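A.B. asks: When you get a sec, could you give me coordinates for this:
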Amino acid sequence: MTAPPSLNTSTGVLLNVASSALFALMSAYTTLLRPLDGAAIYGWRMLLTVPALTLLVLAMGRWHEIRQLAARVRRERFFWAQRVLSATLLGAQLWLFMWAPVNGHGLDVSLGYFLLPIAMVALGRLAFKERISRMQLLAGGLALVGIAYQLAIVRTVSWPALLVCLGYPGYFWLRRATHTNTLGSLWLDMTLGLPVSVFFVLQGGYALPADAPPSLPWLILGLGIISASALGLQALSAPKLNVTLFGLLIYVEPVLLVAVAAGVLGESISPAQWPTYVAIWMAVLVLVGEGAISLARHRPPPRLS
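C.D. replies: Numbers count the residues shown, from 1 in each chain. Coordinates of the predicted model:
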């Protein structure tokens, strides 16, 4: 009898890391799209990504999930309002990801993504009564020290960082609480955001600025290709990875975002902010260590030939 293939394949890791690299590339790519502002870039990204996501849903045989959502809209009284709220929460995150790099907040967004796993641990404990391990508690304590320092010395935590680390947990909580944690639900959330995307694209009365260079339409098409490719690679990697390894790979993207913000966007961490970043990076290392230990414990024994 042939043993089933290992879930944690090198292909899955490669696909996931490539996805994170493309998301980071998208952050740097926004600098090529001037004179478009962050809102217009977000609008074009959505308009080009939703058709690609539709093809992905069809290719993976997930259209039945969308039919189930439509049935729930007809059957459940407030389900439509929950979907509008879900689309709003997701849209805010996708808008911020496009707006931040062209407005000098790339590092703030990366900090929010570093804080996100800590916030997710707190959400699991408070909302879903999940057990918190000692290492997760230590990581949460380190993150709180970093935030407390930021509040005491700088007297503020940037709103982009707060929007990421508080907004995404709210979005994930709503998906889990309403049993809509599916690819079809993601498609619906992004589709509901299309009217806002069209508004952002046409807010000046035209699709492209009058002073747009001839290359801009092709660069916008490139944005759509990068966005769709990143989304597709992430979706393809998920079935090849267990939850622990998939969770560890989450940290690749904010590391790359810091590199992009510092190396491409010209941002820098001020001396007053370094203790906050160090404390949060230490918290992340604790979580990575816990995940690596868990992965080693559950690794199947080597097969004898």
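
A.B. asks: can you map out the helices along the stretch 1-150 of the chain?
C.D. replies: Using DSSP state H, counting those that start in this stretch, the helices of the stretch 1-150 of the chain run over residues 10-29, 38-59, 63-75, 79-99, 106-128, 134-149.

A.B. asks: pLDDT on stretch 20-27, on average?
C.D. replies: Regarding stretch 20-27, the rounded mean pLDDT is 91.

A.B. asks: Just the buried positions in it, please.
C.D. replies: 20, 22-24, 26-27 (16 or more other C-beta atoms under 10 Å). Backbone N, C-alpha and C define where each C-beta goes, glycine included.

A.B. asks: And stretch 197-211, by the same measure?
C.D. replies: For stretch 197-211, a neighbour-count test (16+ other C-beta under 10 Å) marks 197, 200-201, 208 as buried.

A.B. asks: among the residues you listed, which are in helices?
C.D. replies: 197, 200-201 (DSSP state H).

A.B. asks: Residue 297: which of the residues you listed is nearest?
C.D. replies: Checking those against residue 297 with C-beta to C-beta, the nearest one is residue 197 at 44.8 Å.

A.B. asks: coming back round to it: do you know which of the helices of the stretch 1-150 of the chain lies nearest residue 225?
C.D. replies: When these are compared for distance to residue 225 using C-beta to C-beta, the nearest one is helix 38-59, at 8.0 Å.

A.B. asks: Which other helices and strands does that closest one contact?
C.D. replies: Packing contacts for helix 38-59, counted by 3 or more C-beta pairs under 8 Å, 6 or more residues apart in numbering; DSSP states H and E, involve helix 63-75, helix 79-99, helix 183-192, helix 194-202, helix 216-237.

A.B. asks: Name the residues that touch stretch 146-158?
C.D. replies: Contact with stretch 146-158 is made by 105, 108, 111, 115, 272-273, 275-280, 283, as judged by C-beta atoms under 8 Å, 6 or more residues apart in numbering.

A.B. asks: For those, pick the one with the most neighbours.
C.D. replies: Neighbours here are counted as other C-beta atoms under 10 Å. On that basis the top member of the contacts of stretch 146-158 is residue 111, with 29 neighbours.

A.B. asks: need the contact list for that residue.
C.D. replies: Residue 111 makes contact with 158, 161, 254, 276-277, 280 under the criterion C-beta under 8 Å, 6+ apart.

A.B. asks: In TSV, list those residues along with pLDDT, distance to residue 50 and secondary structure.
C.D. replies: Compiled in TSV, the contacts of residue 111 are given as follows (pLDDT from 0 to 100; distance: C-beta to C-beta, whole Å; DSSP: H, G, I helix; E, B strand; the rest coil):
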residue	pLDDT	distance to residue 50	secondary structure
158	86	30	coil
161	90	28	helix
254	84	25	helix
276	85	37	helix
277	85	35	helix
280	84	33	helix
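
A.B. asks: how near is residue 132 to residue 87?
C.D. replies: Distance, residue 132 to residue 87, by C-beta to C-beta, to the nearest Å: 31 Å.

A.B. asks: If you count surrounding residues, which of these two has more?
C.D. replies: Each of residue 132 and residue 87 had its neighbours counted (other C-beta under 10 Å), and the higher figure belongs to residue 87 (20 against 14).

A.B. asks: Now for the residue lying closest to the more buried one once chain neighbours are set aside: which residues touch it?
C.D. replies: Leaving aside its sequence neighbours, residue 87 sits nearest to residue 192 (C-beta to C-beta, 6 or more residues apart in numbering; 3.8 Å). Contacts here follow C-beta under 8 Å, 6+ apart; on that basis residue 192 touches 83-84, 87.
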